[in-house]
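**Student:** compute the structure for the input listed below.
(one chain, ligands or ions: 1)
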Amino acid sequence: MLKSLIGKNTIQEYVGKIEEKNKELNAVLRIEKVTGNKDGKYYGIPFLVKDNIQIEGTKLTCGSKILKNYNSVYTATAMKKLLDAGFSVIGKTNMDEFAMGSSNENSAYGPVKNPLDTEKIPGGSSGGSAAAVAAGMAPFAIGTDTGGSVRQPASFCEIVGYKPSYGMISRYGVVAFGSSLDQIGVLSTTVEDAATVVEIMKGKDEKDSTTVEHSTNLTSFFGEDIKGKKIAVPKIIYSEGVDKKILEEFENAVNLLKENGAIVEEIDIPELKYAVSIYYIIAPSEASSNLSRFDGVRYGLRKNEKGLSDLYNKTRDEGFGIEVKRRILMGTYTLSSAYYDAYFSKASKVRKLMSDKINNVLENYDLILTPTSPTLPPKIGEELTPLEYYLMDIFTIPANLVGLPAISVPFNKIGIQFIGKRLKDEEMLAVADAFE
Ligand code: GLN
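**Tutor:** Residues are numbered from 1 along each chain as shown. Have a look, this model is predicted:
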C-alpha cells in the first residue's frame, strides 16, 4: 500500500483542486507562490501553511482583522527548512483568530467547512489546514498546536495530525499565542508523511532558545511491530461528556492493539481532571502578554483619532474578535498583582504536579492512549457555550502542558491519540504508523 502522498500529484493539480473546492470550503485564505529550492529533494511538491506563520513576501493575518494588511518581512525557521528542501508554498490557510478556538468559527474571514460534511465544523484552530488536506488541496499542511489545534481538526477531518515534543521545532516566525505551549505540527494523510516533514523542520535554532537537538531520525523505528508495547489508558476517558460512538470506536481500537500484541492497561491519573482549568489560566495569561504588541503602532490596523490611549483602544476594539478579547481579559485578570498567586502561580504549580505524574506513568508505559476529542464535530453555528468548546480540548491539552509528542490517527471516523515520551517522538510514531 502506498503510504505517502508526497510527490503523488503536481503543483498545478493541487492548485486546481484549491480553485475547484475552496469557494465552498473557505479553507485557504490566499493562494501564494513561494517556490522551493530547485536542487532540493522535494522540488515540485507543494504545501499549505497556517496563516500565523511568517513567510517573507506573503501576507499574514492570523485570521484577524487587526492584521488584515500585514506583510511578512521574514520567514519562519521551520518554513525556511521546508523551502530549502525543495517544497513550495501554494497558499495560507484559514484559522481561528490568533489560534484561539476549536471550530474555526472564530476567524474574521468566515468559517471553514468540513469537506466530509459541509454542514459541520472542521475543528480548529488549524481547521483550514485540516480541511484543505482532507479535500486534497495539498499533500500536507502546516498548523500550530497550543492545546490541540493540529490533532483535534485532524480527527474531525479524518486525517493525521502530529504535534511534536516541545522544543523539537523552532517557534521563530510563529506568531506567539501561549509560548510555553505552542508548537508547529503537521496535518497529512499518513503518519509517514507527518514524520518526514517534521524530520526536515526539526532542530536547534539560535533564534528560539527553547529548541533542542534531536538526532534520531523520526522514521527509524518504522516497521517494528506493536507486540509487547505497554500502553496506558487513563480512566478519565470514561467520564461523563464523552460521546458513546467515540467510546465504542476507542474500544475497537484498543482491541485491535491488543490483538497485535500490545499490553493495554487502564490507569488512574487524577491530575488530568485539572488539565482544562490549568490550560485556560496559562494560555490566556501568556496570550494577554503576547498580544499586547498589537497596539496600532507597530503592525497592521491603526485607528487614531484622539491621542495614544484612543489609538490603543480603538485599534484593539475594532481589530480583535470576541474570543480574543475574552482571552485577553481572562489573562490580564489572572496575571494581575491581586490574583497572580491565586491563579497563574497556582496553575503553574498544578501543571508541574501533573507533568511529574504523567512523566512517571511514561516511565512504566511506552505510550498513553486516548480518543483525540470527546465529541464528534458539531454543526457550524451550533450554539455551544465557551466552556463546552473548552472541554473539547480535554484529551489534547495534557500533551501541551507537559511538552510531550502526540499524534491523532484516524480510525473508523474518529481520531485516536497516541501520547509519547518527551523527545522520543520516533517511538510513538512507529506505533502510530503500525496502527494506521
Ligand atoms: N482550542 C484550544 C484553544 O482555544 C487550543 C487552540 C490551539 O491549540 N491553538 O485555545
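**Student:** now residue 173: how far from the ligand?
**Tutor:** In this structure, residue 173 lies at 16 Å from the ligand, with C-beta to the nearest ligand atom, to the nearest Å as the measure. For the C-beta atoms, the positions are set from N, CA and C on the backbone; glycine is no exception.
**Student:** what is the burial count for that residue?
**Tutor:** Residues contacting residue 173 under the criterion other C-beta atoms under 10 Å number 23.
**Student:** so what's it up against?
**Tutor:** With contacts defined as C-beta atoms under 8 Å, 6 or more residues apart in numbering, the neighbours of residue 173 are 53, 54, 74, 75, 76, 77, 78, 79.
**Student:** please repeat the previous calculation with a cut-off of 10 Å.
**Tutor:** Applying C-beta atoms under 10 Å, 6 or more residues apart in numbering, we find residue 173 in contact with 52-56, 60, 72, 74-80, 184, 205, 207-208.
**Student:** which parts of the chain are helices?
**Tutor:** Shown for the chain, the helices assigned by DSSP state H span residues 11-25, 77-84, 127-134, 151-156, 191-201, 244-259, 275-290, 308-319, 322-335, 346-364, 386-391, 397-402, 425-435.
**Student:** smallest gap between the stretch 301-436 of the chain and the ligand, at which residue?
**Tutor:** Among all residues of the stretch 301-436 of the chain, residue 393 sits closest to the ligand, at 4.8 Å; criterion: C-beta to the nearest ligand atom.
**Student:** still on that earlier bit, type out the ChimeraX command that picks the buried ones from the contacts of residue 173.
**Tutor:** Selection command for ChimeraX covering only the buried members of these, criterion 16 or more other C-beta atoms under 10 Å:
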select :52,53,54,55,60,72,75,76,77,78,79,80,184,205,208
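**Student:** which bits of the protein sit near the ligand?
**Tutor:** For the chain, the residues found near the ligand under the criterion C-beta under 6 Å from any ligand atom are 99-102, 125, 144-149, 177, 283, 393.
**Student:** could you redo the last one with a cut-off of 5 Å?
**Tutor:** Near the ligand, the residues belonging to the chain are 99, 100, 101, 102, 125, 145, 146, 147, 149, 393 when assessed by C-beta under 5 Å from any ligand atom.
**Student:** redo those residues as CSV? Include neighbour count.
**Tutor:** As requested, those are exported to CSV (neighbours: other C-beta atoms under 10 Å):
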residue, neighbour count
99, 30
100, 28
101, 26
102, 30
125, 35
145, 29
146, 27
147, 31
149, 36
393, 24
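**Student:** what's the closest of those to residue 260?
**Tutor:** residue 145 (27.7 Å; C-beta to C-beta).
**Student:** what is the neighbour count of residue 162?
**Tutor:** One way to gauge burial is a neighbour count; for residue 162, by other C-beta under 10 Å, it gives 30.
**Student:** in the lowest-mean-pLDDT helix or strand in the chain, what counts as buried?
**Tutor:** Counting by mean pLDDT, DSSP states H and E, the weakest-scoring helix or strand in the chain turns out to be helix 386-391, with a mean of 84. Burial within helix 386-391, assessed by neighbour count using 16+ other C-beta under 10 Å, is assigned to 389, 390, 391.
**Student:** residues contacting the last one?
**Tutor:** Taking C-beta under 10 Å, 6+ apart as the criterion, residue 391 is in contact with 102, 241, 276, 373, 374, 375, 384, 385.
**Student:** pull the CA coordinates from stretch 228-246 and hand them back as PDB.
**Tutor:** Output of stretch 228-246 as PDB, limited to C-alpha atoms (Å, rounded to 0.1, in the frame of the first residue of the first chain):
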ATOM      1  CA  GLY A 228       4.900  -6.100  23.800                       C
ATOM      2  CA  LYS A 229       4.300  -2.300  23.800                       C
ATOM      3  CA  LYS A 230       2.900  -1.100  27.000                       C
ATOM      4  CA  ILE A 231       0.000   1.300  26.600                       C
ATOM      5  CA  ALA A 232      -1.800   3.200  29.400                       C
ATOM      6  CA  VAL A 233      -5.400   4.300  29.000                       C
ATOM      7  CA  PRO A 234      -6.300   7.000  31.600                       C
ATOM      8  CA  LYS A 235      -9.600   6.200  33.300                       C
ATOM      9  CA  ILE A 236     -10.800   9.800  32.800                       C
ATOM     10  CA  ILE A 237     -11.900   9.000  29.300                       C
ATOM     11  CA  TYR A 238     -14.800   7.100  30.700                       C
ATOM     12  CA  SER A 239     -16.100  10.100  32.500                       C
ATOM     13  CA  GLU A 240     -19.300  12.000  31.600                       C
ATOM     14  CA  GLY A 241     -19.500  14.000  28.400                       C
ATOM     15  CA  VAL A 242     -17.600  11.600  26.200                       C
ATOM     16  CA  ASP A 243     -19.700  10.600  23.200                       C
ATOM     17  CA  LYS A 244     -20.900   7.000  23.000                       C
ATOM     18  CA  LYS A 245     -19.800   6.500  19.400                       C
ATOM     19  CA  ILE A 246     -16.300   7.700  20.400                       C
END
